[in-house]
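Novice: mind looking at a prediction? Sequence and model below.
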Amino acid sequence: MSPNGIVYSDAFKSWKVISMSTLYDKSMRVIYGNDIAVKAIGDEQFQPWPDGAVVVKAVWEQIENQYGEVRPGKFINAQFMVKDAAKYKDTEGWGFAKFNGDNLTPTGKNAQFAVTSCISCHRQLAKPTGFLFNVPLALNPAK
């Protein structure tokens, strides 16, 4: 369990993949959303996201072979964002948790870790999408 009460669960592995990304640090990320998050994306409801939306970003080292093909390497962490506007007022309604390595060690010594290390970036770079990175424009191609 993270310092702010978010519990790690493998349930996200059966959710819909909503996005993927890589970063300058040579990491590979797969972003999953629960049914509430998927519906919000389909409806383009980001301001605000509905309570109960949960997004999980699973992160691995990126390995590239001589042909330019990439695959996941060592698992780095799983990053959770849980929307609960009343519970997480100090962080724009999002609860943040990060579980590191194979032992899934939670980040942070107390619940304030999300204020100092998570939401500060999300406020600067992801305000137009309700403070969430890597949101697809819509999951419904008919829109």
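Specialist: Everything's here; your move. Numbers count the residues shown, from 1 in each chain.
Novice: in this protein, which helix or strand is least confident?
Specialist: helix 113 (a mean of 79; mean pLDDT, DSSP states H and E).
Novice: just checking: what are the partner strands of the strand ranked longest in the chain?
Specialist: Secondary structure of the chain read by DSSP state E shows that its longest strand is strand 70-83. Strand 70-83 has the following sheet partners, assigned by DSSP bridges: strand 54-64 (antiparallel), strand 94-100 (antiparallel).
Novice: in CSV, list the C-alpha atoms belonging to that strand.
Specialist: Extracted as CSV, the C-alpha positions of strand 70-83 are listed here (Å, rounded to 0.1, in the frame of the first residue of the first chain):
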residue,chain,number,x,y,z
VAL,A,70,12.0,-2.9,-29.3
ARG,A,71,10.7,-5.0,-26.5
PRO,A,72,10.2,-4.7,-22.7
GLY,A,73,13.2,-5.5,-20.6
LYS,A,74,13.4,-5.3,-16.8
PHE,A,75,10.2,-4.2,-15.0
ILE,A,76,10.7,-0.7,-13.4
ASN,A,77,7.4,0.3,-11.8
ALA,A,78,3.6,0.5,-11.9
GLN,A,79,2.2,4.1,-11.5
PHE,A,80,-1.4,4.4,-10.4
MET,A,81,-3.7,7.5,-10.6
VAL,A,82,-7.0,7.2,-8.8
LYS,A,83,-9.6,9.9,-9.2
